[in-house]
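Student: coordinates for the following, if possible.
(one chain, ligands or ions: 1)
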Amino acid sequence: MPKSNSPDRSIWTTESGEIQIVDQRYLPHELVIATLASSHEAVQAISEMWVRGAPLIGATAAYGYYLGIAEATDENWHSHITDVAKALLASRPTAVNLAWAVKRMRAKVTAADRSEALQMAWQEAAAIAEEDIKLCHGIGMHGLELIKGLGKEKVNVLTHCNAGRMATVKWGTATAPIYLAHQAGIDIHVWVDETRPRNQGARITAWELAEAGIPHTVIVDNAGGHLMQAGQVDICLVGTDRTARNGDVANKIGTYLKALAAHDNEVPFYVALPSSTIDWECASGSEIPIEERSAEEVTHIWGHDEQSGSRRQVQLTPTASSAVNFGFDITPAKYVTGLITERGVCDASEESLRKLFIKNYE
Ligand code: MRU
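Tutor: Okay, here's the model as predicted:
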């Protein structure tokens with residue numbers, strides 16, 4: 001893992017059994033650690049984006065499920081955990097890792113009594129988090145080969161949103177190959193899309209890369225096409241919240257436009273994902289639910305007030321103007337050069353995904 005002054009994971013447990021997270025709303029100017037003490041807090045942490053990013057949403061949901069069992073009684077735990085699962089599933093709709101994690105937790109505790117279920121749920125949540133670290137490292141290894149294969153002395157990567165270590169438990173998906181390339185001595189530089197409206201690129205990806213000492217430049221969301229025309233992007237690397245089995249990907253709003261620009265300029269466009277982000281039930285991107293969030297995220301913006309030294313929100317748009325806030329868009333498989341998974345790189349197609357993940361598919 002790259003050098004860093006902050007916790008090396010986005011979610012972890014303490015010896016006394018607390019579940020802790022980095023509250024990402026405060027990044028990059030404050031490092032706030034929060035403890036999730038109830039299932040309600042886990043739901044809130046996901047929906048209000050204290051934590052975000054598909055794999056981390058999954059890991060948080062797993063711990064939220066555990067908390068649901070912990071706070072119940074021997075008598076009511078079955079009905080309580082059913083309610084908790086419903087609330088978790090409704091907290092954010094697009095990232096499939098959430099449903100994947102809840103399903104996995106549910107399967108683990110079905111036949112147990114409450115005290116057994118509690119122990120099993122703790123172990124399963126920890127397993128989900130540990131596995132994510134391994135999967136993302138695997139993505140990093142395959143992505144590193146891809147970067148080496150570009151045969152460039154200096155590699156300029158463009159990324160959108162935050163598919164970095166704060167979006168997963170540790171390495172990130174799109175950033176794992178970047179970390180490993182940097183460690184391997186490759187001269188790598190990252191164009192970081194700011195990612196309006198919540199600025200996950202400008203706030204979080206930039207913070208992560210700065211901590212790791214990786215050269216990067218924050219750009220406005222609309223600059224990518226210009227940079228590609230000017231030959232200043234060698235590869236686009238992004239994450240995904242849900243990949244349909246035909247290879248269509250849902251990712252942060254604006255990803256599709258980057259893919260179109262990449263296609264027009266013959267820049268390779270790769271999507272990095274762990275298998276937990278594949279929705280085998282989903283035939284194509286048109287079936288993926290697109291989250292619509294509060295218009296206030298568009299009409300207002302949070303930033304660091306240099307005078308007071310604290311985080312502050314200001315209004316951007318006229319009070320009379322309405323706004324709409326789609327969280328994600330679909331990039332059709334035809335614009336995706338390849339999918340970088342923990343099992344290797346494949347075409348964005350059902351056939352290729354099946355070849356890599358035949359066990360999950362059947
Ligand atoms: O709304 P967010 O910040 O949760 O969106 C995150 C993304 O779009 C990421 O690219 C995606 O979850 C992949 S994370 C490895």
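Student: going by C-alpha atoms from here, please, whenever you check contacts or count neighbours.
Tutor: Fine.
Student: test my guess that residue 349 contacts residue 336.
Tutor: No - Residue 349 is beyond contact range of residue 336, at 9.5 Å (criterion: Cα atoms under 8 Å).
Student: ok, the two, which is more surrounded?
Tutor: It is residue 336, of residue 349 and residue 336, that has more neighbours when counted by other Cα atoms under 10 Å, with 24 against 18.
Student: for the more buried one, which non-adjacent residue is spatially closest?
Tutor: Leaving aside its chain neighbours, residue 336 sits nearest to residue 269 (5.5 Å; criterion: Cα to Cα, 6 or more residues apart in numbering).
Student: repeat that for residue 171.
Tutor: residue 165 (4.6 Å).
Student: what's the local residue count around the one you found?
Tutor: Neighbours of residue 165 under the rule other Cα under 10 Å: 27.
Student: and residue 68, by the same measure?
Tutor: Counted by other Cα under 10 Å, the residues lying close to residue 68 total 25.
Student: need the three-state assignment for it.
Tutor: Here residue 68 is recorded as helix under DSSP: H, G, I helix; E, B strand; the rest coil.
Student: ok, it touching residue 86?
Tutor: No - assessed by Cα under 8 Å, residue 68 is found out of contact with residue 86, at 11.3 Å.
Student: quick check, residue 117 in contact with residue 67.
Tutor: No - if you go by Cα under 8 Å, residue 117 and residue 67 don't touch, sitting 11.2 Å apart.
Student: sorry, back to before: could you look up the SS state of the residue nearest to residue 171?
Tutor: At residue 165 the chain is in coil, as set by three-state DSSP.
Student: surely it meets residue 174?
Tutor: No - under the criterion of Cα under 8 Å, residue 165 is not in contact with residue 174, lying 9.2 Å apart.
Student: tell me which helix or strand residue 302 sits in.
Tutor: strand 300-305 (DSSP states H and E).
Student: any idea what sits nearest the residue nearest the centre of the chain, other than its immediate chain neighbours?
Tutor: The residue lying closest to the centre of the chain (Cα atoms, centre = their mean) is residue 53, at 2.4 Å. With sequence-adjacent residues excluded and distances taken as Cα to Cα, 6+ apart, residue 53 is closest to residue 167, at 3.9 Å.
Student: now do residue 71
Tutor: According to Cα to Cα, 6+ apart, the nearest residue to residue 71 is residue 38 (7.1 Å).
Student: low pLDDT regions in the protein?
Tutor: Residues of the chain meeting the criterion pLDDT under 70: 1-4, 359-362.
Student: around the ligand, pick out the residues from it.
Tutor: Contacts of the chain with the ligand, taken as Cα under 6 Å from any ligand atom, map to 52-54, 161-164, 167-168, 172-173, 239-241, 251-252.
Student: all good on my end, thank you.
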